[in-house]
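**Q** Got a predicted structure plus its sequence, pasted below:
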Amino acid sequence: MSIVRFFLVLWTIGAAFVAHAQREEISLDGTWRFALDSTKSGLSGKWFDRGLPAKQTRSVTVPHTWNVEPGSELFAGAGWYEKEIAIPQLWEGRTVRLQCDAVYHDAAVWVNGEKAGEHSGSGYTRFFVDITRYVKPGRANTIIVRADNSHSRSSIPFLRSFDWPNDGGIIRSIALIATRLPAIEELHVRGLPSLARPDSLVQGNVTVEAGVLGWKESGSKNLECTITVREENQKTANLVHEANYKVDLQKGRGKFSFPISNVKAWHFDSPNLYRLEMILKSGGVQTDRYATTFGFRDIRTRGTQIVFNGEPVRLMGVEWMPGSSIAHGMAETKEEIFEMLKKMRSVNGMFTRFHWQQDEVLLDWCDRHGILVQEEVPLWGSGTPLNDTLLAVAKVHLDEMIQTHFNHPSIVMWGVGNELSSQEKGIIDGVKELYRYAKSLDDTRLVNYVSNQLSFSKGSDASMVGDVMMHNEYQDTWYLGDPARVGGILDTIHALLPSKPLVISEYGLCEPANQGGDPRRLRDIVYHTSVYESKPYVAGAIYFCLNDYRTHMGEAGTGVLKQRVHGVFDIEGNAKPSAEVLAWLSSPVELFSVPWATGRPLEVVVMGSVGLPSYTLRGYKLYWSEPGADFRSSRNVVELPEIRPYQTVQVPLDKVAGEKVVATIVRPSGEMVLQRTFAILQ
């Protein structure tokens, strides 16, 4: 029996158990045939019809990029992927779409030799290709994808104007999705809390927008749905809402709103999620089922403050540059992604930016672990214009980014660019246009632009367009200025728009372009952070960077190791001494001992930070343990009361064994925040 026939038999057997299902998915991750088109002969040689040439072809594992492989680390051009897949006979009459989570940066798709679609200029966003008319259910089908990472004037990033690797290929997951019509194209869920206090959520208001696929073909009358909402990552999985709704479509979209009682807010310390499922019915017959997760949270600005769930907060975080896996580059595995996110949390990172759009897997982790995210369109660098071509492409980026990632409560800000020539009128006008467009797609989040020129501003800068002014502050490194001027420069920026928050969107030390090594990095973190903390209008700061990262602009290393030495972890994930200092500075709580007389119990003071970060602490715990022991095994645990910024709580330790004791502060999620060892006076 051939391999293809074997898989067809498996699908036939499986069909007996899933024939009732309306939505089915086949992952195409795994082995593909691959050929690098270094001679640019793929199109003229009709590889899409004749298949990839045997002598140039090898097997690779998708997700994949050729830019981490020996000999092609710097290759910018086309790579071709080919896969044969058996399509179940039961898919006859269904709509079949190819879902590509990211193909960098231009993609073209052929099915059985016929061109089915393409996607250009936007290599980090999910897209779909309807391949219904090209597939042949009940037999083997050939799918060919051409990926092209040639530097381009019509792509974002623009030409070579970006500071990360130019990794080409099918860099994220790819799958086939089959649905009956009408089907749910996407669900946008907004969960808005109704807060009596910042820690008290009695009722949540839910708004659901559903895009319906095939509504014209199947008719939009007699459509109805059932919506259920359950607790997702909480101690219980209670059903909190279930109701039936008539679906009235306006241009293929239906909208529903309803209140839910007794739900919990999503907060970076308590990231409570809910799972919403919609079952779509046409004429009483179920045609589709779709589920998504979301959270109840609210973010806005008030004067110079960022207000989260009704409470003014000051945020502190660190940026991570993904794609720095030596083995996989931008096609890094889930395990590699999770490991770096854990490192972010280990330094108390709870606020971050991503210069380009990220994978669902990464953002879901942020949802479940409480990391606030600004996700950005990768318009980067002074060499990038905002002409009509790139503005149109940037709007496609915003469309696809916001449509795919709308439901992630961790995303609290959208970014429309970074370090452009932000005092030029054309750039300012372009940023204004992108700001308005992003707000038209999503008015629930802040929209910002990141500037590296605010310190030179004469009253006009693109960052002033955003909800928050964002400034990359490198006064004594890239800008070659006197570090003593940092405070005065921030005051000058604040004076431009004294009623708007300022966020330090980057600061840090890059070697070897700037000298001093990690001892200087450590010193700079302390000094610059202390200046920011002294300015009440500074609502947040993001240290750059978590990791030494791969980039085609790197001053250090060669080939796959070409990098910028900018992190508190090296490119292999090993912590530098500066990582410990960043974790200490990023703690929302201070911990110190109180002088006591011999024979009296040890007493420590827990104080809410008044600098960066600062917010009310709820549900935190203090563990007492012996040196060298796992604090989680200790039975000596103190449930801390609510602690506001600058408020202090005294915690005594009555029983002491030994000369030293370890005090550990833990978040409601169980993650360690701060740990200190105290000596015991006998």
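**A** Looks like it arrived, so ask away. Note that the coordinates shown come from a computational prediction; the quantities given were computed from them, not determined experimentally.

**Q** Quick check: chain neighbours aside, which residue is closest to the residue nearest in space to the middle of the chain?
**A** Central residue of the chain (Cα atoms, centre = their mean): residue 363, 4.2 Å from the mean position. Of all residues not flanking residue 363 in the chain, residue 408 sits nearest, at 4.7 Å (Cβ to Cβ, 6 or more residues apart in numbering). In this view, the C-beta of every residue, glycine as well, is placed from N, C-alpha and C.

**Q** Let me see the contact set for the one you found.
**A** Neighbouring residues of residue 408 by Cβ atoms under 8 Å, 6 or more residues apart in numbering: 363, 364, 366, 367, 373.

**Q** before we move on, what about residue 94?
**A** Residues counted as contacts of residue 94 (Cβ under 8 Å, 6+ apart) are 132, 178, 179, 180.

**Q** Torsion angles phi and psi at residue 136?
**A** Backbone torsions of residue 136, given as degrees, to the nearest 10, read phi -120, psi 100.

**Q** That one: neighbouring residues, count only.
**A** The burial count assigned to residue 136 is 13, neighbours taken as other Cβ atoms under 10 Å.

**Q** distance of it from residue 118?
**A** Taking Cβ to Cβ, to the nearest Å as the criterion, residue 136 is separated from residue 118 by 21 Å.

**Q** ok, back up a step: now that we have the contacts of residue 94, which of them are buried?
**A** Neighbour-count burial (16 or more other Cβ atoms under 10 Å) applied to the contacts of residue 94 gives 178, 179, 180.

**Q** Could you list which of these belong to strands?
**A** With strands defined by DSSP state E, the entries of the buried ones among the contacts of residue 94 inside them are 178, 179.

**Q** for the buried ones among the contacts of residue 94, which one is nearest residue 536?
**A** residue 179 (52.4 Å; Cβ to Cβ).

**Q** That closest one contacts residue 25, correct?
**A** No. The pair residue 179 and residue 25 fails to qualify as a contact (Cβ atoms under 8 Å) at a distance of 9.7 Å.

**Q** any idea how far residue 157 lies from residue 355?
**A** The spacing between residue 157 and residue 355, counted by Cβ to Cβ, is 9 Å.

**Q** Could you pull up phi and psi at the residue nearest to the centre of the chain?
**A** Dihedral pair for residue 363: phi -70, psi -30, per degrees, to the nearest 10.

**Q** Surely it touches residue 407?
**A** No. Using Cβ under 8 Å, residue 363 and residue 407 do not qualify as a contacting pair, with a distance of 9.5 Å.

**Q** So which residues of the stretch 151-300 of the chain form helices?
**A** Taking DSSP state H, counting those that start in this stretch to define them, one finds helices in the stretch 151-300 of the chain at 215-218.

**Q** The stretch 501-650 of the chain now?
**A** Counting by DSSP H, counting those that start in this stretch, the helices of the stretch 501-650 of the chain are 517-533, 577-585.

**Q** who wins for proximity to residue 236 among those?
**A** Taking Cβ to Cβ as the measure, the helices of the stretch 501-650 of the chain were each checked against residue 236, and helix 577-585 came out nearest at 32.4 Å.

**Q** Let me see the residues that make contact with that closest one.
**A** For helix 577-585, the surrounding residues in contact (Cβ under 8 Å, 6+ apart) are 316, 318, 346-348, 518-519, 521-522, 525-526, 529, 543, 568-569, 612, 674.

**Q** Show me which of those residues are buried.
**A** Of the members of the contacts of helix 577-585, the ones counted as buried by neighbours, 16+ other Cβ under 10 Å, are 316, 318, 346-348, 518, 521-522, 525, 529, 543, 568-569, 612, 674.

**Q** hmm, back to that, could you tell me which of the contacts of residue 408 are located in strands?
**A** residue 373.

**Q** Apply the buried test to the contacts of residue 408 and list what passes.
**A** Among these, those scoring as buried are 363, 366, 367, 373 (criterion: 16+ other Cβ under 10 Å).

**Q** Of the residues you listed, which is the nearest to residue 429?
**A** Sorting the buried ones among the contacts of residue 408 by distance to residue 429 puts residue 373 at the head of the list, at 27.3 Å, by Cβ to Cβ.

**Q** Report how many residues lie close to residue 133.
**A** Other residues within reach of residue 133 by the criterion other Cβ under 10 Å amount to 9.

**Q** Let me know the secondary structure of it.
**A** Look at residue 133: counting by DSSP: H, G, I helix; E, B strand; the rest coil, its state is coil.

**Q** what sits against it?
**A** For residue 133, the set of contacting residues under the criterion of Cβ under 8 Å, 6+ apart is empty.

**Q** now swap in residue 418 and tell me
**A** 355, 376, 378, 379, 380, 381, 449, 450, 472 are the contacts of residue 418 under Cβ under 8 Å, 6+ apart.

**Q** out of everything not next to it in sequence, what's closest to the third one?
**A** Yep, that's residue 378 we're talking about. Distances taken as Cβ to Cβ, 6+ apart place residue 356 nearest to residue 378, at 4.0 Å, with adjacent residues excluded.

**Q** OK, contacts around that neighbour?
**A** By Cβ under 8 Å, 6+ apart, the residues touching residue 356 are 124, 157, 164, 376, 377, 378.

**Q** Can I get those in TSV including pLDDT?
**A** Output for the contacts of residue 356, formatted as TSV (pLDDT from 0 to 100):
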residue	pLDDT
124	98
157	98
164	98
376	98
377	98
378	98
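
**Q** How far does stretch 643-650 sit from its chain's centre?
**A** Counting by Cα atoms, centre = their mean, to the nearest Å, stretch 643-650 is centred 32 Å from the centre of its parent chain.

**Q** Next, the buried residues of that stretch.
**A** By 16+ other Cβ under 10 Å, the buried positions in stretch 643-650 come out as 643, 645, 649.

**Q** Surely the last one touches residue 605?
**A** Spelled out, it's residue 649. Yes. Residue 649 is in contact with residue 605 according to Cβ under 8 Å; the separation is 7.2 Å.

**Q** list the residues that contact both of residue 363 and residue 407?
**A** Overlap between the contact sets of residue 363 and residue 407, as judged by Cβ under 8 Å, 6+ apart, is nil.

**Q** just to revisit the earlier point, might you report the residue contacts of the residue nearest to the centre of the chain?
**A** 373, 375, 405, 408, 410, 411.

**Q** Could you do residue 509 as well?
**A** When contacts are counted by Cβ under 8 Å, 6+ apart, residue 509 is found next to 477, 516, 520, 521, 524, 566.

**Q** Which single one of these is nearest to residue 440?
**A** residue 566 (35.4 Å).

**Q** What count of nearby residues applies to residue 72?
**A** Neighbours of residue 72 under the rule other Cβ under 10 Å: 18.

**Q** begin at 401 from here
**A** Got it, first residue is 401 now, which makes that one residue 472.

**Q** and it, how far is that from residue 458?
**A** Here the distance between residue 472 and residue 458 works out to 12 Å (Cβ to Cβ).

**Q** Now list whatever residues contact both of the two.
**A** Taking Cβ under 8 Å, 6+ apart as the contact rule, residue 472 and residue 458 have no neighbour in common.

**Q** now the helices of the stretch 901-1050 of the chain in CSV, with distance to residue 906 and mean pLDDT?
**A** Output for the helices of the stretch 901-1050 of the chain, formatted as CSV (distance: least, Cβ to Cβ, whole Å; pLDDT from 0 to 100):
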stretch, distance to residue 906, mean pLDDT
helix 917-933, 11, 97
helix 977-985, 14, 97
